[in-house]
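Undergrad: coords below, sequence missing:
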Ligand SMILES: CC(=O)N[C@H]1[C@@H](OP(=O)(O)O)O[C@H](CO)[C@@H](O)[C@@H]1O
């Protein structure tokens with residue numbers, strides 16, 4: 001370790017006296033001006049993690065749905081998952097060490113986590129559109145460099161795009177090309193294949209209004225536009241040219257306030273959706289002819305995916321284990337509908353994508369969504385291989401066609417993390433293929449506030465006990 005260099009650089013990114021920050025659900029998050037030392041140190045941690053795993057690690061500078069003045073950092077593990085929980089403790093230790101203790105803490109982490117300091121380290125970096133993000137990502141670069149690591153700075157990307165390129169890099173291209181062009185090509189190819197099937201059956205053009213929370217999603221959708229089939233028309237709102245990031249708009253605002261975002265003129269029955277600040281969440285909504293607002297959140301997205309995938313799996317005739325993973329914030333009506341009507345097992349885990357992701361990995365097809373709109377579908381390697389083989393070799397036409405649709409779904413879903421762009425394309429493809437409007441999708445079941453339902457259940461149960469005792 002370059003001890004003198006470490007002293008010099010840590011003085012450039014000093015830790016404010018007395019400041020202690022905790023690793024949160026998805027990394028560190030705070031006011032941007034409190035984070036320079038955190039970024040420097042997370043650059044160092046990423047280099048150590050890279051040496052420990054022998055793989056490329058990702059560092060995303062973003063505070064997602066938080067106000068523009070905040071910032072934060074998310075670390076991406078080799079296969080595009082969130083940082084392994086066993087390293088969260090090291091992250092907190094390094095983040096809160098006093099400047100003069102840094103060398104000692106790095107040595108301790110290397111000992112505890114068996115990091116060979118002689119090995120190469122490689123880190124991919126990305127950032128959102130916050131004014132503070134550029135400077136903070138420079139601090140990440142300094143942290144990587146001081147420990148002798150190599151880096152590639154992807155600049156402005158969505159969080160899921162950074163997860164994608166990290167996964168591509170560590171799977172030697174099996175997952176796709178580790179470039180933004182590779183991402184656009186992979187998704188648009190799969191989407192075009194899927195949508196072609198519905199368009200040839202006479203389905204009308206698809207139109208969608210997208211609120212990009214004044215964030216990175218708008219830039220990336222603009223880059224992707226040339227890749228879209230012309231039958232799909234998207235209109236982008238809140239592109240960040242006029243207003244502040246996440247201000248009165250974005251997926252979190254729409255979900256929490258149950259109303260449309262500022263700046264999106266919604267006409268009755270039009271299909272609309274909102275991304276969050278780093279484009280890893282999505283919610284849909286529409287207004288009925290009476291002017292009432294209807295939200296279609298992560299619970300209903302999981303339901304749509306489940307119905308569609310269950311039908312396809314039945315058509316290909318494979319006994320693949322499918323399940324849905326939710327958190328305690330899920331609406332009870334969605335859980336009941338999934339279990340009783342769709343007949344798919346549902347599991348409940350703690351909030352935070354890492355918990356949902358790890359549970360979903362236990363199944364051949366694991367669908368996970370938080371009610372806030374963060375989610376994706378994971379296909380096990382074995383399930384993916386079976387499906388790809390059936391799509392190529394199956395003699396029965398109906399089975400082969402169903403396998404081909406599933407194969408495109410696998411390519412379209414960003415299996416590393418919830419991805420607003422990928423989820424939006426999956427939703428549009430399913431609605432087109434099933435000939436469903438957003439209103440019909442919304443009408444699958446009626447939302448019933450979970451807390452009210454639990455309260456009612458308690459009342460009924462206690463009334464039953466009392467009447468039995470009488
Ligand atoms: C990647 C991740 O873990 N994201 C977390 C995090 O969301 P962001 O969209 O990253 O702000 O905070 C949410 C609220 O606690 C939690 O629901 C979600 O799982």
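TA: Cool, got the structure. As the structure is a prediction and not an experimental result, all values here were calculated from the model.

Undergrad: for the stretch 51-200 of the chain, what spans make up the helices?
TA: With DSSP state H, counting those that start in this stretch as the definition, the stretch 51-200 of the chain shows helices at residue ranges 85-96, 102-112, 133-146, 159-170, 180-200.

Undergrad: Quick check: which of those is buried the most?
TA: helix 159-170 (a mean of 26; mean count of other Cβ atoms under 10 Å). Any C-beta I mention is one placed from the backbone N, CA and C, and that applies to glycine too.

Undergrad: give the contact list for the residue nearest to the spatial centre of the chain.
TA: By Cα atoms, centre = their mean, the chain has its centre lying nearest to residue 418, at 2.1 Å. By Cβ atoms under 8 Å, 6 or more residues apart in numbering, the contact set of residue 418 is 160, 280, 281, 282, 353, 369, 370, 373, 374, 375, 376.

Undergrad: what do you get if the cut-off is 10 Å, keeping everything else the same?
TA: Residue 418 makes contact with 159-160, 163, 276, 279-282, 298, 301, 353, 356-357, 368-370, 372-376, according to Cβ atoms under 10 Å, 6 or more residues apart in numbering.

Undergrad: what residues does this protein put near the ligand?
TA: Taking Cβ under 6 Å from any ligand atom as the criterion, the chain approaches the ligand at residues 25-26, 64-65, 82, 276, 280-281, 351-353, 370, 372, 374.

Undergrad: Going through these, which ones are buried?
TA: With neighbours counted by 16 or more other Cβ atoms under 10 Å, the residues of the chain next to the ligand contain buried members at 26, 64, 65, 82, 276, 280, 281, 352, 353, 370, 372, 374.

Undergrad: so when I look at residue 235, I'm seeing a strand, right?
TA: Yes: under DSSP: H, G, I helix; E, B strand; the rest coil, residue 235 falls within a strand.

Undergrad: Find the residue closest to it in space, skipping its chain neighbours.
TA: residue 209 (5.0 Å; Cβ to Cβ, 6 or more residues apart in numbering).

Undergrad: repeat for residue 259
TA: Closest to residue 259 by Cβ to Cβ, 6+ apart is residue 293, at 5.7 Å.

Undergrad: Look up which residues are beta-bridged to the one you found.
TA: residue 287 (DSSP bridges).

Undergrad: which ones are touching residue 373?
TA: Taking Cβ under 10 Å, 6+ apart, one finds 251-252, 254-255, 273-276, 280-284, 295-301, 418, 420, 423 in contact with residue 373.

Undergrad: In strands, which of those fall?
TA: 273, 274, 275, 282, 283, 284, 295, 296 (DSSP state E).

Undergrad: So residue 376 lies in a strand, does it not?
TA: Yes: assigned with three-state DSSP, residue 376 falls within a strand.

Undergrad: what's across from it in the sheet?
TA: Where residue 376 sits in a bridge, its partners, by DSSP bridges, are residue 368.

Undergrad: what distance separates the start and the end of stretch 119-138?
TA: Distance between the two ends of stretch 119-138: 23 Å, counting by Cα to Cα, to the nearest Å.

Undergrad: circling back: as JSON lines, the residues of the chain next to the ligand with pLDDT would be great.
TA: Output for those, formatted as JSON lines (pLDDT from 0 to 100):
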{"residue": "25", "pLDDT": "91"}
{"residue": "26", "pLDDT": "92"}
{"residue": "64", "pLDDT": "97"}
{"residue": "65", "pLDDT": "96"}
{"residue": "82", "pLDDT": "95"}
{"residue": "276", "pLDDT": "98"}
{"residue": "280", "pLDDT": "97"}
{"residue": "281", "pLDDT": "98"}
{"residue": "351", "pLDDT": "94"}
{"residue": "352", "pLDDT": "93"}
{"residue": "353", "pLDDT": "94"}
{"residue": "370", "pLDDT": "98"}
{"residue": "372", "pLDDT": "97"}
{"residue": "374", "pLDDT": "97"}
